[in-house]
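In: Based on what follows, work out the 3D shape:
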Amino acid sequence: MGRLESQKNQLELIEIFSDLAVEDWKLVIVGSGSRKDELLIKIEELQLLDKVLLYEFTQDIASFYSRASIFALTSRFEGFPNALAEALSYGIPCVCYNCETGPSELIRHGSNGYLVDLGDRHSFKLHLETLSKDLDIRKIMGLKAIQSIQHLKSKNISKDYFNIVA
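Out: Got it, this is the predicted structure:
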């Protein structure tokens, strides 16, 4: 979920996914941007046309998050990663590159997801494989994901805001 731009690094995600030792999993990327053609070429080059699906950006993000089992974020840099926060709110365990800002503010390594050193493809792949093969870990992390994001709900933020202003 996100813009198809160099910063988001979906090309690397596709390459990592192509090396996963898992069957019957699909990588779904939802977004629009200048890198779409490059991603499509890589998908074809790696013979992943039936395993990696690209969808145009949509306002109906719920239909994608509600069917997702794992959320992967390979961004090189982030401000506040909205898509990551959304995924956590849907109870999706996450694997993220620990870029300078963003993911580490939301992910507690080993609790609601995994933080991986930026560019460490091997660890990223291992964590994706762990989650893909273990439904129990996904369920536990999914519950912790929902709990971990509660402080960002509008009713909680509103309370904090009014406490500061008052």
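In: worst-scoring helix or strand of this structure, pLDDT-wise?
Out: Lowest on mean pLDDT, DSSP states H and E among the helices and strands of the chain sits helix 154-165, with a mean of 57.
In: Counting neighbours, what do you get for the nearest residue to Asn9 once chain neighbours are set aside?
Out: Counting by Cβ to Cβ, 6 or more residues apart in numbering, Thr74 is the residue found nearest to Asn9 once chain neighbours are left out, at 4.2 Å. The way it works is simple: take the backbone N, C-alpha and C, and place the C-beta from them, glycine included. Neighbours of Thr74 under the rule other Cβ atoms under 10 Å: 22.
In: Begin at 10, not 1, for the rest of this chat.
Out: That works, and once the first residue is 10, the last one we named lands at Thr83.
In: tell me the contacts of Thr83?
Out: By Cβ atoms under 8 Å, 6 or more residues apart in numbering, the contact list for Thr83 reads 17-19, 21-22, 25, 105-106, 133.
In: Pull the number of nearby residues for Ala92.
Out: By other Cβ under 10 Å, the residues close to Ala92 number 20.
In: List phi and psi for it.
Out: Phi and psi for Ala92, reported as degrees, to the nearest 10, are phi -60, psi -40.
In: I'd like the distance between the closest residue to it other than its chain neighbours and Ala96.
Out: Nearest residue to Ala92, sequence neighbours excluded (Cβ to Cβ, 6+ apart): Met10, at 4.1 Å. Met10 is 7 Å from Ala96, where distance means Cβ to Cβ, to the nearest Å.
In: Between those two, point out the one with more neighbours.
Out: Taking Met10 and Ala96 together and counting by other Cβ under 10 Å, Ala96 has the greater number of neighbours (29 against 21).
In: And the more buried one, how far from Ile52?
Out: Computed as Cβ to Cβ, the Ala96 to Ile52 distance reads 22 Å.
In: Check Thr110 too.
Out: The gap separating Thr110 from Ile52 is 30 Å, by Cβ to Cβ.
In: neighbour-wise, which of the two wins?
Out: Neighbours per residue, other Cβ under 10 Å: of Thr110 and Ile52, the larger number sits with Ile52, 22 against 12.
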